[in-house]
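Undergrad: Predicted model and sequence follow; I will ask about them next.
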Amino acid sequence: MMRSMFSGVTGLRNHQIKMDVIGNNIANVNTVGYKKSRVTFQDTLSQTMRGASSAQGNRGGTNPMQIGLGMTIAAIDTIHTPTSLEATGNMTDLAIEGDGFFILSDGQGYYYTRAGNFGFDEQGNLVNTANGFKVMGWQDSSSKTPQDIKPINIQKGMLMPAKPTDIVVFAKNLNKADQVVTIPFKVYDSLGRAHNLTITFTNNGDNTWDYDISFDPTLISVSSGSDTGTLAFDPNGNLSGGSTINSVTLTIVGANPITFTPDFSNVTQYAKETTVDLSYQNGYPAGTLLGISVDSTGTITGVFDNGQTMELAQVALAVFNNPAGLMKAGRNMYTYSNNSGEPQIGLAGTGGRGTISPGSLEMSNVDLAEEFTQMIITQRGFQANSRVITASDEMLQELVNIKR
């Protein structure tokens, strides 16, 4: 009789814990990146009243007789199933499409989260807007190893340094019938100043053209190499190996010298209108950061007012062999445990970490229909266990009433 009462007590106690978990799931139905929990039960030890016996002679064997002593919690699992993304339009809101976790730091240790509600603080740090923990990634690093991650910092209005020109490429056609063709083009010095140059092509009439680069002699002079050369074309109109193309170093007043070798490999000579022009040069002036964009690899690219873009940082992701083994640390964060495995830090899109969806947040994976169903089941289980205690009490009362 007393066994049934204590079994009922274990049922009441553990169904109440399950209801606590269900209530927490429902409370977090709109929590960003929340992963629901699940309670499973198991029976406890059983009292053996008679052991099993084997068959002997003409008699068969008998099964054991055991009375269970109630139940207990088998596990409270965190279910890391994927869920839908919510578009926010905020570029620094990030969601992971895969099994990875963002890495946050408070300066003392690392935390891991699926909640990508990020933004910049007053010092330009990319932080979790809920708790101020800094988002970890790679910045100003030639290698992207787990040991190189650090807080991402992007200053508003940061400058892109100027790049002097060292590649000049010309392309398209020189008309066989033309005698002289003049093309203006620009190069940039180490201060980001643009300098107007002119290249003149002179037809020699034997499938060769001389070229001559001219400039303002008060600002620029040739310090080495040559600003002249010869282009030779084969009978098919393509540039031939007989060309003489020289590297030239230009000394600029107040700046470092510019050295480049003009590339004419894409220039042709056909009996068709002249279209030759500068197709590419790699110099540019200094620029001021106007905005950023984030791609699916978590690379943060800056857009500058000089028309250039530059990779500023990349968000790091971590993945675990057993994410269900992570310890909940509150505020949508986890820490690794002995059963989660060590964090495997790397780039988004590699190693099963998943890709990053900018401008969106991961929604909670709580299913209200499932939670309400579990709530009904749990409530009925609690009621049934309370009935066991009531019925056992009534049976004890009848036993006491035997003697009057």
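TA: Arrived safely.

Undergrad: how about the strands in the stretch 201-350 of the chain?
TA: In the stretch 201-350 of the chain, the strands defined using DSSP state E, counting those that start in this stretch lie at 208-214, 220-225, 228-232, 248-252, 258-260, 262-270, 277-281, 287-294, 299-304, 309-315, 317-319, 327-330, 333-335, 344-346.

Undergrad: So for Phe382, which of those strands sits nearest?
TA: strand 327-330 (25.2 Å; Cβ to Cβ). Glycine gets a C-beta too; all of them are placed from N, C-alpha and C.

Undergrad: Check whether Thr309 really touches Asp295, as I assumed.
TA: No. In this structure Thr309 lies outside contact range of Asp295 using Cβ atoms under 8 Å: 11.3 Å.

Undergrad: Mutual contacts of those two, please.
TA: Taking Cβ atoms under 8 Å, 6 or more residues apart in numbering as the criterion, Thr309 and Asp295 both touch Thr301.

Undergrad: re the thing from before, let me have the strands of the stretch 201-350 of the chain in JSON lines, adding mean pLDDT and distance to Ala95 as columns.
TA: Converted to JSON lines, those look like this (pLDDT from 0 to 100; distance: least, Cβ to Cβ, whole Å):
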{"stretch": "strand 208-214", "mean pLDDT": "94", "distance to Ala95": "52"}
{"stretch": "strand 220-225", "mean pLDDT": "86", "distance to Ala95": "52"}
{"stretch": "strand 228-232", "mean pLDDT": "94", "distance to Ala95": "54"}
{"stretch": "strand 248-252", "mean pLDDT": "92", "distance to Ala95": "49"}
{"stretch": "strand 258-260", "mean pLDDT": "93", "distance to Ala95": "45"}
{"stretch": "strand 262-270", "mean pLDDT": "95", "distance to Ala95": "43"}
{"stretch": "strand 277-281", "mean pLDDT": "95", "distance to Ala95": "37"}
{"stretch": "strand 287-294", "mean pLDDT": "94", "distance to Ala95": "11"}
{"stretch": "strand 299-304", "mean pLDDT": "95", "distance to Ala95": "15"}
{"stretch": "strand 309-315", "mean pLDDT": "95", "distance to Ala95": "12"}
{"stretch": "strand 317-319", "mean pLDDT": "97", "distance to Ala95": "12"}
{"stretch": "strand 327-330", "mean pLDDT": "94", "distance to Ala95": "20"}
{"stretch": "strand 333-335", "mean pLDDT": "95", "distance to Ala95": "16"}
{"stretch": "strand 344-346", "mean pLDDT": "96", "distance to Ala95": "18"}
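
Undergrad: OK, contacts around the residue nearest the centre of the chain?
TA: Geometric centre of the chain, nearest residue: Gly298, 3.8 Å, by Cα atoms, centre = their mean. Residues near Gly298 by Cβ under 8 Å, 6+ apart: Leu94, Gly137, Gln314, Val315, Ala316, Leu317, Leu347, Ala348, Ile356.

Undergrad: quick one, what contacts the nearest residue to the first one once chain neighbours are set aside?
TA: It stands for Leu94. Of all residues beyond its chain neighbours, the one nearest Leu94 is Gly116 (3.5 Å), with distances taken as Cβ to Cβ, 6 or more residues apart in numbering. Listed by Cβ under 8 Å, 6+ apart, the contact set of Gly116 reads Val32, Gly33, Asp93, Leu94, Ala95, Ile96, Phe102, Ile356, Leu361, Glu362.

Undergrad: So for Gly116, what's the pLDDT?
TA: At Gly116, the model reports a pLDDT of 95.

Undergrad: Begin at 36 from now on, thanks
TA: Happy to do that; since the first residue is 36 now, the last one works out to Gly151.

Undergrad: Would you quantify the distance from it to Gln214?
TA: Going from Gly151 to Gln214 by Cβ to Cβ, to the nearest Å gives 64 Å.

Undergrad: what's the domain layout of this structure?
TA: Annotated domains of the chain cover 36-82+102-115+402-438, 120-195+324-397, 202-320 [the TED database].

Undergrad: Is Val401 in a helix, a strand, or coil?
TA: State at Val401, reduced to three classes by DSSP: H, G, I helix; E, B strand; the rest coil: coil.

Undergrad: repeat for the one 3 residues further on
TA: Assigned state for Ala404: helix (three-state reduction, three-state DSSP).

Undergrad: Tell me the buried residues in stretch 234-248?
TA: Neighbour-count burial for stretch 234-248 flags Ile234, Phe236, Thr237, Asn238, Asn242, Thr243, Trp244, Tyr246, Ile248 (criterion: 16 or more other Cβ atoms under 10 Å).

Undergrad: okay, the residues you listed in TSV with distance to Gly365 next?
TA: Shown next, in TSV, are the buried residues of stretch 234-248 (distance: Cβ to Cβ, whole Å):
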residue	distance to Gly365
Ile234	66
Phe236	71
Thr237	77
Asn238	78
Asn242	78
Thr243	77
Trp244	74
Tyr246	70
Ile248	66
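
Undergrad: Redo the domains of the chain as CSV? Include distance to Gly92.
TA: As requested, the domains of the chain are exported to CSV (distance: least, Cβ to Cβ, whole Å):
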stretch, distance to Gly92
domain 36-82+102-115+402-438, 29
domain 120-195+324-397, 51
domain 202-320, 98
